[in-house]
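Engineer: What shape does this take:
(chains A and B)
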Amino acid sequence: MAPPLPSQRSPSPSQPSGRSEVSDLKLQLRQLAGSRAPGADDSKRDLFKRVISYMTVGIDVSSAFSEMVMCSATSDIVLKKMCYLYVGNYARCNPDLALLTINFLQKDCRDEDPMIRGLALRSLCSLRVPNLVEYLVAPLAAGLKDGSPYVRTVAAMGVLKLYHISAATCFDSDFPATLKSLMLSDPDAQVVANCLHALQEIWNLEANNPEEASREREALLSKLVIFYLLNRIKEFNEWAQCLVLEIVSKYIPADSNEIFDIMNLLEDRLQHANGAVVLATIKVFLHLTMSMTDVHQQVYERIKAPLLTLVGSGSSEQSYAVLSHLHLLVMRAPMLFSTDYKHFYCQFSEPSYVKKLKLEMLTAIANESNTYEIVTELCEYAGNVDVPIARESIRAVGKIALQQYDVNAIVDRLLQFLEMEKDYVTAETLVLVKDLLRKYPQWSHDCIAVVGNISSKNVQEPKAKAAHIWMLGEYSQDMLDAPYILESLVENWDDEHAPEVRLHLLTAVMKCFFRRPPETQKALGAALAAGLADSHQDVHDRALFYYRLLQYDVSVAERVVNPPKQAVSVFADTQSSEIKDRIFDEFNTLSVVYQKPSYMFTDKEHRGPFEFSEELGNLSLGAESADNAVPAQRYEENDLLLSTSEKEENGGPPNNGSPVSAYSAPSDYYGSSISVNSQTQPETAISIPGLSAYTSPATLAIDDLLGLGVPSAPAPPTLKLNPKAVLDPGTFQRKWGQLAISLSQECSMSPQGIAALTAPQALIRHMQGHSIQCIASGGQSPNFKFFFFAQKLDGLSAFFLVECIINSSSGKTQIKVKADDGSASEAFSAMFQSALSKFGAP
Amino acid sequence: MISQFFVLSQRGDNIVFRDYRGEVQKGSAEIFFRKVKFWKGDEGEEAPPVFNVDGVNYIHVKVAGLFFVATARVNVSPSLVLELLQRIARVIKDYLGVLNEDSLRKNFVLVYELLDEVIDFGYPQTTSTEVLKLYVFNEPIMVDAARMPPLGPAAMFMQGTKRMPGTAVTKSVVANEPGGKKREEIFVDIIEKISVTFSSSGYILTSEIDGTIQMKSYLSGNPEIRLALNEDLSIGRSGASVYDYRSSTGGGLVILDDCNFHESVHLDSFDMDRTLALIPPDGEFSVMNYRMTQEFKPPFRVNAFIEEAGPLKAEVILKIRADFSPSVTANTIAVQMPVPTYTTRVSFELEPGAVGQTTDFKEGMKRFEWCLKKIVGGSEHTLHAKLTFSQESHGNLTREAGPVNMNFTIPMYNASRLMVRYLHIAKKSKTYNPYRWVRYVTQANSYVARL
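Structural biologist: Take a look at the predicted model:
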């Protein structure tokens, strides 16, 4: 808990408290205002500095506004700059006074010196006073045509500032169009960069004119613009290069030649000393090669070394940002990093936020070949003086044990931890041993022998205590004194503060009772009595439930409380792969550092226009309620879109049903959903090296012979689609609700198409190439769901809406088409299927 | 793009505050400072450089004990903002000569002037000192550098060694010398941070060098410079695993795993003769960063033993051997060793005739420190420490104590053997002969010996 704010705004004692000093300053400024005496400028400088230093520490000096303006008639550029700074800070709160400054700022905008012109224009645009916008237009228009590149860079940014004050004025003066032509022609790279900044922001924000905005956004991503920028990339400074690279990463190349051209051109950017440039380049590489599995994997190999170098150079803050990205890549493709594990060993001097990332990476890349080394290293950290890291290290060992098949040695190490007799080590280890036993019941004999030796007095942390109690209950037949330990715990019921522990105690005593009734009867009675009197609702309810169950029938009670259990094969992953994909899409942004997609931490108005994440959820719900689907179908759909399909995914070979629910209720209380990334995420995107073989025509023919897919080519479509169709999610949702299904078909997808469908993005880009836009997508392997739309080229209003569900393991694809013009849906469906069948083809 | 930029002192005072977009509410500096100060207080963890409070992203770096902070509403690139903050700090240092709270407070108007040109409406414009010189007019007010504690990796040149002009590293790029004439000189520093982990048997578990070639130029007229590195330098370890220690160390071959370069560097002849050509911009910058995992000879061998010596007692022996030439001297060496938590007293026994060595048991942190002013190459030093415990140990002492961590600085030494063969400055006239300083320094990044 952070302590309360000391006091709202407390300037330290050394700082002036304000009022009298400010009036004193005003007086002195007024005296100097008209003075042309030698040295007057120097005295003014001193006074101005004092005003600005007050401003910095938060003292309101806005009352000196008119005096400051009076003093601003000067040729001293240092004075001018201070005055501009002051005016920019206070104009918004004093719009009337701001009017006073317009005059001299406008005059300065026509000064001979380009520097003064630029400065004045920048200040003029920074006033942020809505009723003064009329004074901005003329100087801005002149600024954009100014002979000096400095003034033009300022003016380009000025347009953006004007847009924020008054979008209408900005459009009325046709500034966006001017910026666009300036962007494509200006000899100065910084002018181009600022135009690009401004245009990007304007068109991303513009909501009044969605069609034009999306057209303009697309224009920025057109081949013309992209290649123009790429050809000039070396002229830009490093910051502008980042901007250009970010835009290029959104570009959808026409063919693989373009992809290789771009990558060859940008290759040397990976050797830049500025980490931001390198990461922006990597984003381009990763996104361009999304649908080219083998090249994508080569990209991973290529970017490893530069990333590791960045981690080593620069400040710890910079290396943290880079390491976060490395973390993301490691999590996506742990296989590719399995030989680099030594790079992720923790260093003594590193801050704990860096160590935590490294521990997670070590956990992810542990496999048969390196587990021994990694676990040995992690065990070194377990005795670390840095307790939080020691805890994390123990957890990491446990996670590795849970994801390995040969856990023999690891279990031994864990049991050694228990012998260290450090409280926190014991606590963490107990929780892990409990999880291990749930997955590998065969280890119970060795573990219980050690756990039985632990005195319950040495276990204080609620989680560890709960785990310990769970083991006492579960293995009561193997631990001689289990009933007596439980009994003493029940005796101290009132000292036990965590309800979690009391809940477990109830269940453990029950289990123990079924196995060793005579020894436990007394403890059970005491536990139930204590539970019934408990003030915690859940504890009370559970005690009451057990009590009534026992009253009803003891054998039924045993079946409920202590049923035979199946071992847990995989623990639930904490993050769905849809979220992971979304974070990957947002590479080189804060999403990667927070490990959350942007919609989870950004306000709506600060997101780009491409964010449908939230809408996706709404969309599916809306769609379903309008759909007259039978309940069963609805359930299925829901499941798919909410991507709780972890079950389907994990349950591959030995499907024991939902892993968590396979276990009796109390274990859910741990909430210790340990993520087993390497198993739940079979990294299809990059791990199929031999895949390229699929795409060769020869195999295609064989596939065809075997009748493995490739639907017979549909008749060439006569329908023409609008390649730049635009539809906002709201309208889509409304239409989907209103229209009836005009066509519902099932087809199968070609094997190479399925192979290419590593992530929804690949298909979305492909369909865009056929003038079919995606508005929402979801799901994860093997079930993907997409909502597409397209627009007929002739009639403006005729849209086609498609719901497309693809099962990538069976290749079955379900298509539902709704259309404004039902008569054309047959032709459209043929076209859609033909586009789909070409997906993944060479 | 960012919304605000500010610099806070260690106590949380605003030294500089600039709002570029007016989209973050007032009080962000206080929110930031409280959050950093009380970051999950109980476990004493450090706040990460990037965090989000109520939809505002706070991104910060710590430089010279000051917080350089940017706030952002949108989903920016974290490395872009962190890089930008670091660069702003560097530009300010170029201008002021010394970067600290005092110099910033004295020059805040200049800093505002810089910030106006560096960022416009939240978008970075330029961070090149060279370009900024054209637009910035305030003269820096110098603070007395001598009184300031040394900062940054190059600071060690200020003490001791007479060959170095001590004031140079704290000289502003723009201010004129008292005589009105600028001294023509250029500094090239090869700074290496080394990380080594020794196993309990003294075997090297991991080792890595992160190096940088830093340049600071005070040359007028921007002449072209050629920097020649080892001819046999090779980059990238093809095929073999990165940690392949079988490669022979006899040959003089220097193999870098990877490197990157400042944008002003031309690599046209790099593949041919390992020469970097550049026109150095004003101010300080990294010409090249590199990383090496090739086996190298660690400058120090560290051996640590702990064993029980009767009930409630244990003895520790620490041995350090300097494995470098006697002409080189390491300085400010500090060795730390965590001891079991139930240690109550430590008595130390230094070797006979020890000079400039101190020992200290920090009871609160449960570790002891052994500091040595200097270590001459080839020498060996030993420390005996007797620990007294308040309770019986649970048997395995090596799990309760350590690892030993060592910090040091070795001027005029570099572990990688990367060399600047020559530094050539294109001559403007026959009499033009600027001072060139090529300096090497090696520092410990993480130098750990396990028990």
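Engineer: now B:Phe408, what's its secondary structure?
Structural biologist: Three-state assignment for B:Phe408 (DSSP: H, G, I helix; E, B strand; the rest coil): strand.
Engineer: Cross-check the contact I'm expecting between it and B:Val328.
Structural biologist: No: counting by Cβ atoms under 8 Å, B:Phe408 sits too far from B:Val328 to count as a contact (11.7 Å). (Glycine included, C-beta is placed from N, CA and C.)
Engineer: The two - which one has more neighbours?
Structural biologist: The neighbour comparison of B:Phe408 against B:Val328 (other Cβ atoms under 10 Å in any protein chain shown) goes to B:Phe408, with 22 against 18.
Engineer: contacting residues for that one?
Structural biologist: Shown in contact with B:Phe408 (Cβ atoms under 8 Å, 6 or more residues apart in numbering or on different chains): B:Pro299, B:Phe300, B:Ala330, B:Asn331, B:Thr332, B:Ile333, B:Ala334, B:Ile375, B:Gln443, B:Ala444, B:Tyr447.
Engineer: give me the beta-bridge partners of the third one?
Structural biologist: Beta-bridge partners for B:Ala330, by DSSP bridges, are B:Ile375.
Engineer: what's the neighbour count on it?
Structural biologist: 24.
Engineer: distance between the ends of stretch B:422-429?
Structural biologist: 20 Å (Cα to Cα, to the nearest Å).
Engineer: how about it: buried residues?
Structural biologist: Buried residues in stretch B:422-429, counted by 16 or more other Cβ atoms under 10 Å in any protein chain shown: B:Ile425.
Engineer: ok, now stretch B:87-102?
Structural biologist: B:87-101.
Engineer: Off-centre distance for that stretch?
Structural biologist: Here stretch B:87-102 is found 16 Å from its chain centre; the criterion is Cα atoms, centre = their mean, to the nearest Å.
Engineer: go on, stretch A:342-359?
Structural biologist: Stretch A:342-359 has its C-alpha centroid displaced from the chain centroid by 22 Å (Cα atoms, centre = their mean).
Engineer: Next: stretch A:363-375.
Structural biologist: 27 Å.
Engineer: Okay, now it: how far is its last residue from its first?
Structural biologist: Stretch A:363-375: ends 9 Å apart by Cα to Cα.
Engineer: what's the helix or strand for B:Val335?
Structural biologist: strand B:329-338 (DSSP states H and E).
Engineer: same question, A:Tyr150
Structural biologist: Residue-wise, A:Tyr150 maps onto helix A:149-165 under DSSP H and E.
Engineer: List the buried residues of that helix.
Structural biologist: Result for helix A:149-165 [16+ other Cβ under 10 Å]: buried residues A:149-165.
Engineer: before we move on, back to that, quick check, nearest of the contacts of B:Phe408 to chain A?
Structural biologist: Using Cβ to the nearest Cβ, B:Tyr447 is the member of the contacts of B:Phe408 that sits closest to chain A, with 7.7 Å.
Engineer: Could you tell me the backbone phi and psi angles at the closest one?
Structural biologist: Note on B:Tyr447: backbone dihedrals following degrees, to the nearest 10 are phi -120, psi 100.
Engineer: Is it correct that it is in contact with B:Val196?
Structural biologist: Yes: assessed by Cβ under 8 Å, B:Tyr447 is found in contact with B:Val196 at 5.4 Å.
Engineer: picking up where we left off before, return the subset of the buried residues of stretch B:87-102 lying in helices.
Structural biologist: Residues of the buried residues of stretch B:87-102 located in helices (DSSP state H): B:Arg87, B:Ile88, B:Ala89, B:Arg90, B:Val91, B:Ile92, B:Lys93, B:Asp94, B:Tyr95, B:Leu96, B:Glu101.
Engineer: Redo those residues as CSV? Include pLDDT and distance to A:Pro306.
Structural biologist: Formatted as CSV, those follow (pLDDT from 0 to 100; distance: Cβ to Cβ, whole Å):
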residue, pLDDT, distance to A:Pro306
B:Arg87, 95, 19
B:Ile88, 96, 24
B:Ala89, 95, 24
B:Arg90, 92, 22
B:Val91, 93, 25
B:Ile92, 93, 28
B:Lys93, 91, 27
B:Asp94, 90, 27
B:Tyr95, 90, 31
B:Leu96, 90, 33
B:Glu101, 92, 36
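Engineer: Among those residues, which one lies nearest to A:His325?
Structural biologist: Using Cβ to Cβ, B:Arg87 is the member of those that lies nearest A:His325, at 19.6 Å.
Engineer: now A:Lys522: how far from A:Arg515?
Structural biologist: 15 Å (Cβ to Cβ, to the nearest Å).
Engineer: the more surrounded of those two?
Structural biologist: A direct count of neighbours by other Cβ under 10 Å for A:Lys522 and A:Arg515 places A:Arg515 higher, at 18 against 12.
Engineer: For the closest residue to chain A within the stretch 301-450 of chain B, list the residues it contacts.
Structural biologist: Going by Cβ to the nearest Cβ, chain A is nearest to B:Ser446 of the stretch 301-450 of chain B, at 3.5 Å. Applying Cβ under 8 Å, 6+ apart, we find B:Ser446 in contact with A:Gln347, A:Phe348, A:Ser349, A:Glu350, B:Ser195, B:Val196, B:Thr197, B:Asn405.
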